[in-house]
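**Student:** Could you work out the structure for the sequence below:
(2 chains)
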Amino acid sequence: MSSTNVFQRVPRHLRGWVLPAAILLVWWAAVAGGWSTSPLLVSPAAVWQRGVTQVASGELWVALSASLWRMGWGFAIGAAAGLAVGALLGWSRWAERLVGPSFHTLKQISLFAWIPMLSMWFGLGDASKVAFVAMAAFFPVVLNTFEGLRSVPREYLEVARVYEFSVAQTLARVVAPAAAPSLFTGIQLSLIYAWLATLGAEYLLASGKGLGNTLIDGREHFWMDLVLFGVVVIGLVGFALNWLLAAAERRLLAWRDRTVAKY
Amino acid sequence: MAHAGTLDIRGLNKQYEVRGEALPVLQDIHLTIEPGAFVSIVGSSGCGKSTLLRLVIGLEGDYQGEILLNGQRIAGTSLDRGIVFQEHRLFPWLTVEKNVALGLLNSTLTEGQQRATVREHIELVGLSGFEKAYPHQLSGGMSQRVAIARALVNRPDILLLDEPFGALDAMTRAHLQQELLRIWQQEGITMILVTHDVEEAVFLGDQVVVMEPRPGRIRRVVPVGLQHPRERTSHAFTAVKDSVLREFSGHPAADLAEPPLKRGEQLPPAAQWQFAV
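**Tutor:** Residues are numbered from 1 along each chain as shown, chains lettered A, B, ... in the order given. The predicted structure is shown next:
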């Protein structure tokens, strides 16, 4: 029987697991078969064991909660500021002309280029890290909020005028829902950027606790199992964030279900 | 018939600025529409018929002349005037019921009255049972019915229809024309229908206003004078339709987009030969 047929016999919803399972198997075989004696090659069991100790000692919780705390604050500050600035740029052509060019120039600067400046302003502590995460969260929200507001169909706004909606009614009943898919994309990107930036900040502004510091610990002590465990946890958090956002999107934007209406 | 409106348009002129130059869109429009009448406006693209409707609904301003509804000069939009656009313009995030109810956002009715009137109007357009459906679950014809319900829910004095069936297939269009006729008779309000479909105009209108382009003017008002229900294939119907079509260029089948040639205008010989009938 060919391998294609074996693959096709795996239930559809499990097919995504085939590749990770195969990699795990090869990894396990490589260790068990003694293919390499390098200390870089640790067994899956050692990673698991490291995970158990990290959980049992509470170290994982300390690192994870510190990282999530930074991400949460950075995201909240950055996304809120992003919404405000995006709304202003989207609402007022005047503001767009005044602020737009500066904004588009600033966003071209790599985020990591701000780290030296942030650390000089705020030191190596949490303030710097949160500021960095906030910056990462800020830009996608601004861009998508702006896009969302500018793409509200003129036809919808005319309907609002025909039924004599006030400005507040138009914003709440027409502009916000019409811009919602775009706003949501902004929030989604922002949260993912915030998570990436959290790790970046912890790694580059190495101080205190956090998953980034867990990785540094692992590297400095040459504990490959700890490094790998850290990577797995970081991946799982990213996965969980995506899953949460997808669930929220399904709930909030149910009307978008399959068809995007013409008007 | 308590709330049918009289529309009076006097000496209406409208122009757009195009690269600093004034481009006349509507020129010297005079039109009086009696309460409860159904008036069709036909014309080729660019004759300003949609602009005329947008001025009456109040989405366009900045015109010379007068537009009076029941003797009052119109200013901006008003719940006394309803409109159905070519696209249904329903909000995709709201159900049928909520889309219709949104028309009442600024009405003075109590909540209970609002619910009742929304229900009545969904029934009026034959969509009972679809209250909880979303626009993307409806066909084009059904969506346009919802749009009609939303436009009528405030019980306006006058309903404007801007090519409402233009995007629908022929079968659905014929059916909705019947439905619109029924609604007009039932509600007894004034309706103005803009269309490029001459048959539709004659089928529904008490009068057919024929407009010509560049700049938009009224060429002639053709009285229809047929009893409802009208038989599209009858001799009398066809005769009215032909007389409307003749207004476009003297030829029922001629290109509607071309302005008619003035009598006595010098034509090149070949053209004279081609158009000699």
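**Student:** going forward, measure contacts between C-alpha atoms and count neighbours the same way
**Tutor:** Noted.
**Student:** tell me the domain boundaries of the chain?
**Tutor:** I'll assume chain A. A:3-32, A:44-256 (automatic domain parsing).
**Student:** ah, no, chain B please
**Tutor:** Following automatic domain parsing, chain B resolves into domains at B:1-80+B:157-250, B:90-155.
**Student:** and the residue nearest to A:Ser128 when sequence neighbours are not counted, backbone torsions?
**Tutor:** The shortest distance from A:Ser128 to any non-neighbouring residue, by Cα to Cα, 6 or more residues apart in numbering or on different chains, is to A:Phe122 (5.0 Å). Dihedral pair for A:Phe122: phi -110, psi 0, per degrees, to the nearest 10.
**Student:** Report how many residues lie close to A:Phe122.
**Tutor:** Neighbour count of A:Phe122, defined by other Cα atoms under 10 Å in any protein chain shown: 15.
**Student:** List the contacts of A:Glu202.
**Tutor:** Contacts for A:Glu202 (Cα atoms under 8 Å, 6 or more residues apart in numbering or on different chains) come out as A:129, A:210-213.
**Student:** For these, which single residue is the most surrounded?
**Tutor:** For the contacts of A:Glu202, the largest neighbour count, defined by other Cα under 10 Å, is 30 neighbours, found at A:Lys129.
**Student:** Who is the closest residue to B:Ile33 other than its chain neighbours paired with across the strands?
**Tutor:** Nearest residue to B:Ile33 in three dimensions, chain neighbours excluded: B:Leu7, at 5.0 Å (Cα to Cα, 6+ apart). Beta-bridge partners recorded for B:Leu7 (DSSP bridges): B:Ile33, B:Leu69.
**Student:** Averaged pLDDT, stretch B:164-175. What do you get?
**Tutor:** Across stretch B:164-175, pLDDT averages out at 89.
**Student:** so how far is the first residue of it from its last?
**Tutor:** Length of stretch B:164-175, first residue to last, Cα to Cα, to the nearest Å: 13 Å.
**Student:** So is it next to chain A?
**Tutor:** No. Applying Cα under 8 Å from any Cα of the partner chain, one finds stretch B:164-175 out of contact with chain A, separated by at least 12.2 Å.
**Student:** Pull the residues that contact that stretch.
**Tutor:** B:84-88, B:140-141, B:144, B:176, B:195.
**Student:** before we move on, what about stretch A:205-217?
**Tutor:** Residues from elsewhere that reach stretch A:205-217, judged by Cα under 8 Å, 6+ apart: A:60, A:62-67, A:119, A:124-125, A:129, A:198-203, A:223, A:226-227, A:230-231, A:234.
**Student:** residues touching B:Pro156, list them.
**Tutor:** Shown in contact with B:Pro156 (Cα under 8 Å, 6+ apart): B:3-4, B:79-82, B:189.
**Student:** re earlier: buried subset of the contacts of stretch A:205-217?
**Tutor:** Using 16 or more other Cα atoms under 10 Å in any protein chain shown as the burial test, those include A:60, A:63-64, A:66-67, A:119, A:124, A:129, A:198-203, A:223, A:226-227, A:230-231, A:234 as buried.
**Student:** what's the spacing between the strand or helix carrying A:Ala134 and its chain's center?
**Tutor:** A:Ala134 is located in helix A:126-150, with elements delineated by DSSP states H and E. Centroid displacement of helix A:126-150 relative to its chain, using Cα atoms, centre = their mean, to the nearest Å, is 12 Å.
**Student:** Tell me the residues of the stretch 1-150 of chain B that contact chain A?
**Tutor:** Applying Cα under 8 Å from any Cα, we find that the stretch 1-150 of chain B lies next to chain A at B:57-59, B:77-79, B:82-83, B:87-94, B:103-106, B:134-136.
**Student:** try 10 Å this time
**Tutor:** The stretch 1-150 of chain B comes close to chain A at residues B:57-59, B:76-85, B:87-95, B:102-107, B:134-137, B:150, as judged by Cα under 10 Å from any Cα of the partner chain.
**Student:** Let's see which of those end up in strands.
**Tutor:** Secondary structure from DSSP state E places B:81-84 of these in strands.
**Student:** Which secondary structure element is home to B:Leu23?
**Tutor:** Using DSSP H and E, B:Leu23 sits within strand B:21-33.
**Student:** Not counting sequence-adjacent ones, nearest residue to A:Trp195?
**Tutor:** Excluding the flanking residues, the one nearest A:Trp195 by Cα to Cα, 6+ apart is A:Met71, at 5.9 Å.
**Student:** got a list of what that neighbour touches?
**Tutor:** A:65, A:77, A:129-130, A:132-134, A:137, A:191-199 (Cα atoms under 10 Å, 6 or more residues apart in numbering or on different chains).
**Student:** Mind listing residues that contact the lowest-mean-pLDDT helix or strand in chain A?
**Tutor:** Least confident helix or strand of chain A, by mean pLDDT, DSSP states H and E, is helix A:3-9 with a mean of 69. If you take Cα under 10 Å, 6+ apart as the criterion, helix A:3-9 is touched by A:15, A:18.
**Student:** what do you get for stretch A:38-52?
**Tutor:** A:24-25, A:27-32, A:34-36, A:53-60, A:222-230, A:232-233.
**Student:** Please repeat the previous calculation with a cut-off of 6 Å.
**Tutor:** A:31, A:225, A:229 (Cα atoms under 6 Å, 6 or more residues apart in numbering or on different chains).
**Student:** Stretch B:59-77 now?
**Tutor:** A:162, B:5-14, B:54, B:57-58.
**Student:** relative to helix A:126-150, how tilted is the one helix or strand A:Gln188 maps to?
**Tutor:** Assigned by DSSP H and E, A:Gln188 belongs to helix A:176-204. Between helix A:176-204 and helix A:126-150, the angle comes out at 150 degrees (axes from the mean of the first three to the mean of the last three Cα atoms, to 10 degrees).
**Student:** Just give me the residue closest to the centre of the chain.
**Tutor:** Because you didn't say which chain, this covers chain A. A:Ile192 (0.8 Å; Cα atoms, centre = their mean).
**Student:** nope, chain B please
**Tutor:** With distances taken as Cα atoms, centre = their mean, the residue of chain B nearest its centroid is B:Leu193 (2.0 Å).
**Student:** Report the distance from the helix or strand hosting that residue to the chain centre.
**Tutor:** Using DSSP H and E, B:Leu193 sits within strand B:190-195. Put simply, strand B:190-195 sits 3 Å off its chain's centre (Cα atoms, centre = their mean).
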